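Asks: take a look and give me a structure for this.
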Amino acid sequence: MKTDKMTLTELFAGFFDARPSSLLVRGAPGAGKTTLCLELLRLFSDRFAGCYISTRVSIRKLEAQYPWLKNSAQLISSENQDSLAVTADGGEQQKDMRFGSLSSLIGEVLEKASKKNALIVLDSWDSIAKEYSYEEKIRSEKSVTAIAEAHDSTLVFTSEEPESNTLAYIADGIVTLGFDSLNYQKIRSMTIDKMRGTEIPTHHVLFSLVGSRFTILPRVAVPQLGQRQVFPARSICHPDYVSTGNSHLDAALGGGMRKGSVVLLQLDHEINRISIALILANMILNNLRTGNPSMVISTPDRSPRSVLRYIEPFVEEKEMDGFRLYSHEPDDSVPQIRPLKDSLQQNFENCSEDYATIKRRYGGKSTLVLTYDLGLNEIKYFDRITELESRVIDVARKVRSSRDILVLLNRTGSHSLTLSKTLSDVHLHISEIDGVPLVSILKPPASIKTYALTVESGEYPAYSLMKIS
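Replies: Below is the predicted model of the structure:
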């Protein structure tokens with residue numbers, strides 16, 4: 001499996017190759033404008049002589065917030081009398097930058113832009129130009145961009161006032177930083193509105209500012225199952241918890257899944273199924289690898305072979321003895337597959353008998369993981385929804401008393417989602433924005449946390465959860 005990861009370098013390389021004279025970065029306060037601009041200075045330091053001019057933040061504050069910035073650019077601030085200029089060889093020199101007026105700051109910009117191959121960030125242009133009249137502002141913008149263009153340099157303007165900004169008409173590139181909303185949380189996003197002279201690789205990406213770094217969140221592509229490799233078992237020392245099979249999810253849940261609990265995986269309709277396959281496979285594989293049984297009640301749309309390919313190659317042969325797959329497509333050649341009938345009552349009775357048999361075989365201290373897609377089965381048994389929900393309540397009661405784990409899958413908007421939420425002790429909302437899989441932890445009842453699901457190693461079934469705040 002590979003991760004479709006777009007980097008800032010890939011996103012902006014074509015634009016800077018076209019030798020633009022100006023780039024406008026706009027967004028509300030706290031949107032990430034400064035971090036983006038500083039990252040661009042660092043990433044393209046081998047191509048441009050970088051200079052960051054701040055009218056709001058002192059050099060000391062910048063260096064404290066962005067310790068990785070040193071040696072990437074010259075830093076100039078009108079907020080402190082002695083600003084730190086970092087030279088190309090890493091040496092430091094103190095330079096008196098007490099601006100007597102804004103015109104002297106403009107003069108500094110002109111001096112830097114007149115040098116070949118300069119990348120100059122003006123943070124923020126709003127505060128620089130606010131004392132000018134509309135006509136003077138237009139003339140200043142045209143003058144500095146013309147000088148930059150004449151010397152193969154680029155000016156990067158930041159703005160928090162897009163409605164009154166005149167730069168949008170003359171800038172070669174426009175980037176807007178904003179927020180998408182999910183579960184009452186803000187998800188940072190970047191929109192490429194314009195890049196003159198080059199094809200835009202992608203118009204919209206999500207990003208994080210964790211660690212004071214501007215990191216584009218990766219999209220996940222369709223998995224490519226590799227060669228057989230045994231899943232590395234993960235154990236939890238606490239006697240009341242079992243692992244999800246993933247250290248990141250265990251940590252996010254406060255230590256894993258408590259025995260005797262119901263875990264709800266709420267799925268949005270537009271998500272890539274690989275997201276849920278990764279989470280479920282890790283739970284099931286880890287349970288089998290730690291010597292515990294697992295039962296999967298499949299949905300009508302999935303063939304048993306399509307499920308087994310995510311499980312069988314990643315456990316030892318003897319560990320498959322503890323696995324049961326209930327399918328609407330019987331396959332007598334595979335001993336782990338059990339048939340499902342049209343009778344709802346018979347299916348639950350058969351599964352209940354197998355459940356009891358497996359529990360006796362593995363002993364009372366074993367923890368069985370049972371997965372059931374209530375949302376899709378609701379569609380199949382739409383005329384018996386009351387009976388279906390009653391059966392699920394019975395299963396949840398049995399699982400709790402046996403200290404096992406019931407994993408319910410359901411869809412946003414489904415009739416039975418309300419029941420699933422009521423039954424659940426753990427509630428994960430799996431969603432997707434712009435191709436980025438997101439996992440929101442809605443229960444346990446702490447502050448809502450959302451992570452991006454990523455696959456850095458490129459190998460199924462490993463995945464990571466990336467903080468996005």
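
Asks: element containing the residue nearest to Asp180 when sequence neighbours are not counted, please.
Replies: Using CB to CB, 6 or more residues apart in numbering and skipping residues adjacent in sequence, the residue nearest Asp180 is Ile187, 4.4 Å away. Bear in mind the C-beta positions are built from the backbone N, C-alpha and C, glycine included. Element membership for Ile187, per DSSP states H and E: strand 185-195.

Asks: quick one: mean pLDDT for that strand?
Replies: Rounded to a whole number, the mean pLDDT of strand 185-195 is 94.

Asks: what lies in contact with that strand?
Replies: 11, 14-15, 18, 20, 31-32, 36, 171-181, 200, 202-209, 216, 433-434, 438, 440, 448, 450, 468 (CB atoms under 8 Å, 6 or more residues apart in numbering).

Asks: now that strand: how far from the chain's centre is it?
Replies: 14 Å (CA atoms, centre = their mean, to the nearest Å).

Asks: which is the next helix or strand following it?
Replies: strand 204-208.

Asks: ok, Pro444 - contacts?
Replies: Counted by CB under 8 Å, 6+ apart, Pro444 has contacts Leu253, Gly254, Asp425, Val426.

Asks: could I get those residues as a markdown table with secondary structure and neighbour count?
Replies: Output for the contacts of Pro444, formatted as a markdown table (DSSP: H, G, I helix; E, B strand; the rest coil; neighbours: other CB atoms under 10 Å):
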| residue | secondary structure | neighbour count |
| --- | --- | --- |
| Leu253 | coil | 22 |
| Gly254 | coil | 12 |
| Asp425 | coil | 17 |
| Val426 | strand | 21 |
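
Asks: show me which pair in these is furthest apart.
Replies: Gly254 and Asp425 (11.7 Å; CB to CB).

Asks: dihedrals phi and psi, Ser416?
Replies: phi -80, psi 0 (degrees, to the nearest 10).

Asks: can you tell me how far it is from Leu344?
Replies: Noted for Ser416: a distance of 13 Å to Leu344, by CB to CB, to the nearest Å.

Asks: and what of Ala462?
Replies: In terms of CB to CB, Ala462 sits 37 Å off from Leu344.

Asks: low pLDDT regions in this protein?
Replies: 1-5, 70-106, 162-164, 221-227, 447, 456-458 (pLDDT under 70).

Asks: where is the longest helix in it?
Replies: helix 344-362 (DSSP state H).

Asks: mind listing residues that contact that one?
Replies: With CB under 8 Å, 6+ apart, helix 344-362 has contacts from 292-293, 295, 297, 322, 324, 326, 338, 340-341, 366, 368, 370, 381, 384, 387-388, 391, 394-395, 398, 402.

Asks: so which of those sit within strands?
Replies: Counting by DSSP state E, the part of the contacts of helix 344-362 found in strands is Met295, Ile297, Arg324, Tyr326, Arg338, Leu370.

Asks: out of those, what pair is the most spread apart?
Replies: Across the ones in strands among the contacts of helix 344-362 (CB to CB), the longest gap, 12.9 Å, separates Arg338 and Leu370.

Asks: and Ser401, how far is that from Asp250?
Replies: 24 Å.

Asks: which strand residues bridge Ile216?
Replies: Here Ile216 sits in beta bridges with Phe207, going by DSSP bridges.

Asks: residues near it, how many?
Replies: 18 (other CB atoms under 10 Å).

Asks: who's in contact with it?
Replies: Contacts of Ile216 by CB under 8 Å, 6+ apart are Lys5, Met6, Thr7, Leu8, Leu11, Met190, Val205, Leu206, Phe207.

Asks: picking up where we left off before, the residue nearest to Asp180 and Leu217: what is the separation?
Replies: 9 Å.

Asks: list residues touching both of these two?
Replies: Leu206, Ile468.

Asks: stretch 238-258: end-to-end distance?
Replies: 9 Å (CA to CA, to the nearest Å).

Asks: and it, how far out from the chain's middle?
Replies: That offset, for stretch 238-258, works out to 20 Å (CA atoms, centre = their mean).

Asks: also stretch 11-21?
Replies: 27 Å.

Asks: re the thing from before, list only buried entries from the contacts of Ile216.
Replies: Lys5, Leu8, Leu11, Met190, Val205, Leu206, Phe207 (16 or more other CB atoms under 10 Å).

Asks: and stretch 60-67, what's buried?
Replies: Leu62, Tyr66.

Asks: ignore what I typed, I meant stretch 29-37.
Replies: Buried residues in stretch 29-37 (16+ other CB under 10 Å): Ala31, Gly32, Lys33, Thr34, Thr35, Leu36, Cys37.

Asks: and Gln336, how far is that from Phe323?
Replies: 5 Å.

Asks: picking that back up, compare Ser401 and Asp250 (neighbour count), which wins?
Replies: Between Ser401 and Asp250, counting by other CB under 10 Å, Asp250 is the more crowded of the two (19 against 9).
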